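> What follows is a predicted structure for the sequence shown.
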Amino acid sequence: MSNTSAHTPSISILSDFKEITKMRLAVSVVFSSVAGYFLGAEVIDFVTVFLLAIGGYCMVGASNAYNQIIERDLDVLMERTRNRPIPAGRMSVNSAFTIATVLTILGLVVLYFINPKTAMFAAISIFLYVSIYTPLKTKTPLSVFVGAFPGAIPFMLGWVAATNEFSIEPGTLFMIQFFWQFPHFWAIGWWLFEDYKKGGFFMLPTGKRDKGTAIQVILYTVWTIMVSLIPVFGVTGKLYLTPVSGVIILILGLGMLYYAFKLYKNRDAISAKKLMFASVSYITLLQIVYVLDKFIRQWI
């Protein structure tokens, strides 16, 4: 019994740290950044990969901590968020702010060691997320548009970390993840509509779970697929995708589009949840295909 009680505080602190930084989301963002790095790097430097992972986690973790400080009074109203460290009373605002500040400084310093442009884009991302996207979430559905900018930076950030330059290649990676944000977040907004409503969040483009929202989900899914296939045509500089990989991406995209049409047909929370999972699978598998395509071409 004494051993269990002795370990409980440290386990609780670690658990709250993971929750205040949204560990699963942060890891997925780091995955995107590393994928972008592998695409941009001519020679893989694993020290840079490590710094990118640490710096990326710090920046995403800081953004999420600031977000939870700002939304603490709203989080307590929603089923999904009321057990977060601040609304549940397990962590003070001052403690959360200290964590966010330390992570911001540490993240910027680590990313600056890679190159100044990487740190600059990371700083822009955290500013947009905390200062513009977060306050807009309770004001207008356009918050999703604003939030798509910081959300699209990680994939691009990896390329910038590898090359120290912004050009058409990282711009294309940015656009892929930018358009993908819309069906992804609208699926979440539809699935958790009632819970978001309790907190006063406006996530869906029409403000309702209606035909208009479902049509926009389909349109943005189509645009996501189209942008994802642009590198097949050899117009995006060093970022190139073979036709075989293009077909794989198209099949993955059609799978996501299938669930978008299911949402249009059924217009229910279950269909939205399935689309959300399909969208996560799409962007993850797309990044894996892009990276594998590059290295297979090099080996051949």
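Noted; the coordinates are in hand.

> Please name the nearest non-neighbouring residue to V222.
Setting aside the residues directly before and after it, V222 is nearest to L257 in space (C-beta to C-beta, 6 or more residues apart in numbering), at 6.8 Å. Quick note: C-beta positions are derived from backbone N, CA and C, even for glycine.

> name the element the one you found belongs to?
Assigned by DSSP states H and E, L257 belongs to helix 243-266.

> helices or strands next to that helix in the packing?
Applying 3 or more C-beta pairs under 8 Å, 6 or more residues apart in numbering; DSSP states H and E, we find helix 243-266 packed against helix 168-191, helix 211-229, helix 269-299.

> who's in contact with the residue nearest to K262 when sequence neighbours are not counted?
Distance criterion C-beta to C-beta, 6+ apart; nearest residue to K262, sequence neighbours excluded, is S271 at 4.8 Å. Contact partners of S271, counting by C-beta atoms under 8 Å, 6 or more residues apart in numbering, are Y259, K262, L263, K265.

> 10 Å instead?
Residues near S271 by C-beta atoms under 10 Å, 6 or more residues apart in numbering: A187, W190, W191, A214, Y259, A260, F261, K262, L263, Y264, K265.

> ok, so what distance separates it from W191?
Going from S271 to W191 by C-beta to C-beta, to the nearest Å gives 9 Å.

> L108 and Q177, how far apart?
L108 is 21 Å from Q177, by C-beta to C-beta.

> can you list the weak-confidence ranges in the stretch 1-150 of the chain?
For the stretch 1-150 of the chain, applying pLDDT under 70 flags the ranges 1-11.

> Walking through it, point out its helices one by one.
2-20, 23-40, 46-70, 72-75, 93-114, 116-127, 134-136, 143-163 (DSSP state H, counting those that start in this stretch).

> Show me which residues of the second one are buried.
For helix 23-40, a neighbour-count test (16 or more other C-beta atoms under 10 Å) marks 23, 26, 29-40 as buried.

> And the shortest one, by the same measure?
By neighbour count on 16+ other C-beta under 10 Å, the buried set for helix 134-136 is T134, L136.
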